[in-house]
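Trainee: Pasting the sequence and the predicted coordinates here, then a few questions.
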Amino acid sequence: MAKPLTEVEPGTKVRVVDIVAGRGAMTMLREVGIVPGAELEVVKTGPGPVIVRVGGATFSLGRGLAAKVLVEEVG
Amino acid sequence: MGKTVALVGPPNVGKTTLMSRLCGVKVEVGNWPGVTVERKTCRYEHGNTTYKIVDLPGLYSLTGSSEDQRVAISYLLGGYGEKPDTVVVVGDPFSLERSVALLMEVAELGYHHLVFAVNMMDEARRKGIHVDLDGLEEKLGVPVVGTSAKSGEGVDRLKRAIADVAEGRVEPKPVTPDYPEPIERAVERLTSEHGIPRWAAIRALEGVEEILERLPEGVREEVRDLRRKVEKELGRPVREATEDARRETAYRIVSETVETREDGFELQDRLDKILTHPVYGTVTALTVLAAVFWIAFTLGGFLEDAIDGLLDVLKTLSTTHLHEPFRSLVNQGLIEGVGTVLSLYPYVFLLLLLLTVLEDSGYTARVAALAAPLMARFGLHGKTVFPVAISLSCNVPAVTGTRIIEDPRARLLSAVTIPFVPCSARLAVITFLTAKMPPGLRVPAAVAIYAVALAAFLGSAALLDGLLHRGKRSTGGHVIELPRLRRPHPRTVLTVTWIRSKEFLEKAGTTVLAVSLALWAASKYPQPIGTGRSATEVLGHALATVTGPVLGLGWKEAVALVNGIAAKETVVSTLTMLNAHLSPDKAFVLALVTTLYFPCVATLASLWSETGSLKWPAISLAWSLAVATVIGAAVHAALTLT
């Protein structure tokens, strides 16, 4: 069951299912490896930017953008 | 014959530090940690050959969309008329996947002369991460060297590996990812029927313009057809499929060669939650900023006093031992002119040092992430925080530094308005002028001036954004990498601070000296100053007819402003040499006007080259003059009325 990144509990590992965003946003995300099928660790979803870890690197995402990334929990 | 080596890698893997290790810090142009923009080159000798290293901007992948990423891609495709003999792909054990993926992409551009350097090995070891370098070498098919730019470990081995590959003693066979069947079939068609190399065929199917351009029209048609068919079969764009394949292969290789302990990030994550929190994060940022300025001003004050003491001694010596015209030449031209500017160097050095410490520790990225929503309201990107931090030392690299912003709209906006952020030269003027105010008002006045400059910067961006893009909201949302929070490396910090700040000293010895000598001459001829007939007074009084009523500034200040066109620091020397006595009100207005009135010639030139048009530097110039006049006049009026 997919949900937006912003609704995930910090500390969870998720897999990206879909990204509902325009081309510009998708390019920014793709560049850092946030694409359907990618595995992320959610570090923070509290107030302010959302922080995730992809492939060993940590990224801050704007809330609006993060809400467009649909994920499902793994393991 | 010399060899060229290109350094490629994601940001924040210590690539630039590695570069300075290879060449021994003889790197051209300043390096800004975490914000690698511009092509930096250096040379070193190995065996009997000279190796030239070209450091390319940080790249996550060859599909990069920001300006500096396009530069790197263009370079690798031969767009700069140079093809490196060896390409070193740099990665770190903490995020090896993306460097491995990048390695495969570079290999697919046709580069087989590759070396893979895994940097930051010492930090990895400390965190309990183990990398099987031999296994990695076997699986990647290229020489792999573990390095630690901080300690120098592995640098010699890296030089040897580079030489081996450049001289052809070692012929790497880089690993290729397994692409889905439909793609492989299409690639096979293109390679066998048209003799296109495998790597070019893949790029062509992905739709890379630079490759497609070079194909004959008929072949291009066929490529387009094949691509349509393949994408229909796969149900997604070719580029997506190939990237996935590369990513999966990279993940597989890394999982088989790197052993990680998961808890490397615990402390960092806990800190990041606070640092990027809208309330706690902002409080922290403001506190840190306040501390930075407080330290720079108090410690700087002590050092300035020391230098002033030295200057007094020199003045006494020259007065006693020299005769005219040398005496006044030295006393005014050199000691008052250049010496006063030099005595402000401690402030410049300390501010830069502290800002560099923040950047090297990784904190600046957190501020950028925190400020992103606020910046967006003004049409700017969160990453603008990086060039703003640079702008506090000098506007010129800040303008080029805006290349890290992917969105062209936001990038243009930041480049054109960032000159409002006060640079070191203006810091010198502000420090000098606020010293003429009562002790209790000095710091608030300085803070107020910076605040006004910041407001001018943000306000101009918002205005320009509104004018250029009526009603259309820019695509919000940011993606900012947060490098590992770490203790700053003293060596890197000191080197970078020195490179950035020494320009202040160099300008003092050249432009400021020249202007001071010119002023000295203009104040002696045709008649000495005081008679009203020296060149300086004639010019000054003419200008004062305008600056007087509008800004409340007299002829000496007017001359200072004119000299400031050459270099803002000369405002300080001019006022000293002309013995200007400024009331606190006048000092404040002058400081404001100097801070805002226009970007220096170097910045305008930089704007011209970055935007490719004379329109923007012209607008920047006219706009700042207008803003400076209006604000200066308003403040002057307000102060006269109270």
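Mentor: Received, thanks.
Trainee: only C-alpha atoms for contact and neighbour calcs from this point on.
Mentor: Fine.
Trainee: Downstream of the helix or strand bottoming out on mean pLDDT in chain A, the next helix or strand is which one?
Mentor: Ranked by mean pLDDT, DSSP states H and E, the weakest helix or strand in chain A is helix A:23-31, scoring a mean of 81. Per DSSP states H and E, helix A:23-31 leads on to strand A:39-44 as the next helix or strand towards the C-terminus.
Trainee: Within the sheet, what are the partner strands of the following helix or strand past that next one, with directions?
Mentor: Counting by DSSP H and E, the element after strand A:39-44 in chain order, helix or strand, is strand A:50-54. Sheet pairing of strand A:50-54 (DSSP bridges) gives strand A:39-44 (antiparallel), strand A:57-61 (antiparallel).
Trainee: quick one: the last one to chain centroid distance?
Mentor: Centre-to-centre, strand A:57-61 and its host chain are 9 Å apart (CA atoms, centre = their mean, to the nearest Å).
Trainee: Quick check: which ranges of the chain have low pLDDT?
Mentor: I'll assume chain A. Scanning chain A for pLDDT under 70 picks out A:75.
Trainee: wrong one, I was asking about chain B
Mentor: B:25-39, B:63-68, B:261-263, B:471-476.
Trainee: what packs against the helix or strand where B:T640 lies?
Mentor: For B:T640, the host element (DSSP H and E) is helix B:615-641. Under the contact definition 3 or more CA pairs under 8 Å, 6 or more residues apart in numbering or on different chains; DSSP states H and E, helix B:615-641 sits against helix B:408-417, helix B:535-551, helix B:584-596, helix B:601-611.
Trainee: mind redoing it with 7 Å?
Mentor: helix B:535-551, helix B:584-596, helix B:601-611 (3 or more CA pairs under 7 Å, 6 or more residues apart in numbering or on different chains; DSSP states H and E).
Trainee: Out of those helices, which is closest to B:R198?
Mentor: helix B:601-611 (35.9 Å; CA to CA).
Trainee: got the phi/psi numbers for A:D18?
Mentor: phi -160, psi 160 (degrees, to the nearest 10).
Trainee: Show me which residues of chain A sit near chain B.
Mentor: A:28, A:31-32, A:43-44, A:47-49, A:55-62, A:64-65 (CA under 7 Å from any CA of the partner chain).
Trainee: Tally up the residues packed near the closest residue in space to B:A637 that isn't next to it in sequence, please.
Mentor: Nearest residue to B:A637, sequence neighbours excluded (CA to CA, 6 or more residues apart in numbering or on different chains): B:L551, at 8.0 Å. A total of 22 residues lie near B:L551 under the criterion other CA atoms under 10 Å in any protein chain shown.
Trainee: List the residues that contact B:L551.
Mentor: Shown in contact with B:L551 (CA atoms under 7 Å, 6 or more residues apart in numbering or on different chains): B:G632, B:A633, B:H636.
Trainee: Surely the second one and B:G548 touch.
Mentor: No - B:A633 is beyond contact range of B:G548, at 10.1 Å (criterion: CA atoms under 7 Å).
Trainee: The two: which has the busier surroundings?
Mentor: Remark: of B:A633 and B:G548, B:A633 carries more neighbours, 19 against 15, as counted by other CA under 10 Å.
Trainee: ok so, going back, list buried members of the residues of chain A next to chain B by neighbour count.
Mentor: A:28, A:31-32, A:43-44, A:48-49, A:55-62, A:64-65 (16 or more other CA atoms under 10 Å in any protein chain shown).
Trainee: show me what contacts the residue of the stretch 301-450 of chain B found nearest chain A?
Mentor: The stretch 301-450 of chain B approaches chain A most closely through B:A369 (6.2 Å), counting by CA to the nearest CA. By CA under 7 Å, 6+ apart, the residues touching B:A369 are A:P49, A:S60, B:T276, B:G382, B:I480.
Trainee: ok, those residues vs B:E184, which is closest?
Mentor: B:I480 (34.9 Å).
Trainee: hang on, the earlier thing: could you measure from the residue nearest to B:A637 over to B:V559?
Mentor: From B:L551 across to B:V559, the span is 14 Å (CA to CA, to the nearest Å).
Trainee: Equivalent analysis for A:L70, please.
Mentor: Going from A:L70 to B:V559 by CA to CA gives 63 Å.
Trainee: Just want to know which of the two has more residues nearby.
Mentor: Neighbour count, other CA under 10 Å: between A:L70 and B:V559, B:V559 has more, with 24 against 21.
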